[in-house]
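Enquirer: Just a sequence and a predicted model for now, questions to come.
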Amino acid sequence: MTAKTQRMAGWILTGLVGLFLIAGSGIPKFLDWPGKTAMMTHLGLPLELVPAIGALEIAVTLLYLIPRTAFLGAILLTGYLGGALFTHLRIGDPWFFPLIVGVLAWAGLALRRPLVFQLVLGARQDTTRHHAGQP
């Protein structure tokens with residue numbers, strides 16, 4: 001895969017993750033829809049917390065989407081999704097969806113920024129530099 005194709009695939013994946021987290025999950029937390037109260041009761045979350053959870057989800061996703069803050073956003077998004085995973089585990093619901101979203105988010109970032117692959121895989125670049133007067 002060429003570097004340009006890799007970056008393009010990373011941005012597409014990043015965009016899809018961002019679209020899901022903002023439009024499919026974050027914004028609906030501010031809207032009233034049938035079944036919202038029952039769903040939050042099932043999850044054990046008070047309705048008063050839902051807007052704050054939505055704001056947090058949108059904020060960390062925006063950090064993830066901005067190239068300069070993408071790495072920090074991915075770390076914070078991982079924490080947010082870890083909380084979602086735990087919430088589902090705690091009540092016995094399927095828990096793998098937040099894990100999949102997190103893996104896709106990191107894959108998108110790694111495709112955009114190959115250094116992330118190097119960090120994850122433990123690969124090292126030769127960073128030794130010869131300075132004047134040093135061996």
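Expert: Received, thanks. Numbering: from 1, shown residues only.
Enquirer: OK, contacts around the residue most central in space within the chain?
Expert: By Cα atoms, centre = their mean, the chain has its centre lying nearest to residue 77, at 4.0 Å. For residue 77, the contact set (Cβ atoms under 8 Å, 6 or more residues apart in numbering) comprises 21, 60, 61, 63, 64, 102, 105. (C-beta placed from N, C-alpha, C; glycine too.)
Enquirer: now, the most widely separated pair of those?
Expert: For the contacts of residue 77, the farthest-apart pair by Cβ to Cβ is 63 and 102; their separation is 14.7 Å.
Enquirer: so how far is residue 113 from residue 86?
Expert: Going from residue 86 to residue 113 by Cβ to Cβ, to the nearest Å gives 28 Å.
Enquirer: what do you get for residue 28?
Expert: Distance from residue 28 to residue 113, by Cβ to Cβ: 30 Å.
Enquirer: So for these two, which residue has more residues nearby?
Expert: residue 113 (18 against 13; other Cβ atoms under 10 Å).
Enquirer: what's near enough to touch that one?
Expert: Applying Cβ under 8 Å, 6+ apart to residue 113 gives the contacts 10, 70, 71.
Enquirer: Please report phi then psi for it.
Expert: For residue 113, the backbone dihedrals are phi -130, psi 90 (criterion: degrees, to the nearest 10).
Enquirer: Got the confidence number for it?
Expert: With respect to pLDDT, residue 113 scores 93.
Enquirer: related to what we said a few turns ago, now, among the contacts of residue 113, which is nearest to residue 16?
Expert: Nearest to residue 16 among the contacts of residue 113, with distances taken as Cβ to Cβ, is residue 10, at 10.9 Å.
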